[in-house]
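Undergrad: structure for the following, please:
(one chain, ligands or ions: 1)
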Amino acid sequence: MARSLSLERGRPLLAPSLLAADPLCMAASIDRLGGEADALHVDVMDGRYVPNISYGPGLVRALRDRYAEAVLDVHLMVDEPERGIEAFAAAGADYLTVHVEATRHLHRLLGHIRELGCRPGVTLNPGTPVEWLRPVVHLVDLVLVMSVNPGFGGQTFLPEVLSKVRTLCQWRAVDGLSFLIEMDGGLGPANGADVVRTGCDILVAGSSVFGAADPLLALRDLRRTAQGGISHGRS
Ligand SMILES: O=C(CO)[C@@H](O)[C@H](O)COP(=O)(O)O
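TA: Numbering: from 1, shown residues only. As a prediction, the model looks like this:
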């Protein structure tokens, strides 16, 4: 069984979302980041759980083959993710993140993802209560808090989801857990510091990175502002 790559807490981590990269020039877009991304975020959409359709395990395999050292953070926006996790694990995913509402057997599914050698993650939509994670939070390596409704890039950040991050930080401290907290949707230099200050470890950014004239400069700009959140006294 392949060992998955992992991310370490301690500084803001950036995961550019490939959804915003030109699909005809995916590798060129990634190469423009100069290896400075902490992870590559891969949004898998099935046209059922969300209204959009994107990629499958084939893209994950191609990324793994070309970027052996990259952490592949695969976000499954699919119904019944238990039907696809083996293919994504075999393709080389590191983190496999599923939505609470997409499966009937979340506890079993998270265990299965770990058995496959991947790092299990669970995702909260803006309308999903954080309390739904309480019974399984000890099973995950990552909690992805969506700051837009999933399905499309380029939406406006919803600041009300930040309260979930505060709750997750409390649970992490009380239970002595070390899962990563990731935020995704509408992130960029204007809100990166606030998101990190609230307690997020990983920022997923699509449009603000790949939509920029120079994605590497945009990534560095986001890193600089995100680090500002740390220096202002994050707990
Ligand atoms: O999962 C999703 C959308 O469903 C996100 O990863 C978006 O792709 C982020 O894009 P921006 O809001 O940064 O453009």
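
Undergrad: do the worst-scoring helix or strand of the chain on mean pLDDT and the ligand meet?
TA: Scoring the helices and strands of the chain by mean pLDDT, DSSP states H and E places helix 215-231 at the bottom, with a mean of 93. No. Figure legend: helix 215-231 not in contact with the ligand (C-beta under 6 Å from any ligand atom); closest approach 10.2 Å. No exception for glycine: its C-beta is placed from N, CA and C like everyone else's.

Undergrad: buried residues in that helix?
TA: 215-216, 218-219, 221-223, 225-226, 228-229 (16 or more other C-beta atoms under 10 Å).

Undergrad: can you check stretch 108-127 too?
TA: 109-110, 112-113, 116, 118-125.

Undergrad: want to try TSV for the residues you listed, with distance to the ligand, secondary structure and pLDDT as columns?
TA: TSV is the format used below for those (distance: C-beta to the nearest ligand atom, whole Å; DSSP: H, G, I helix; E, B strand; the rest coil; pLDDT from 0 to 100):
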residue	distance to the ligand	secondary structure	pLDDT
Leu109	19	helix	98
Leu110	20	helix	98
His112	23	helix	98
Ile113	18	helix	98
Leu116	22	coil	98
Cys118	18	coil	98
Arg119	18	strand	98
Pro120	18	strand	98
Gly121	13	strand	98
Val122	14	strand	98
Thr123	9	strand	98
Leu124	12	strand	98
Asn125	10	coil	98
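
Undergrad: which two of the residues you listed have the greatest separation?
TA: Largest separation among the buried residues of stretch 108-127 by C-beta to C-beta: Leu116 and Asn125, giving 24.3 Å.

Undergrad: against His107, how distant is Asp194?
TA: Applying C-beta to C-beta, to the nearest Å, the value for Asp194 to His107 is 33 Å.
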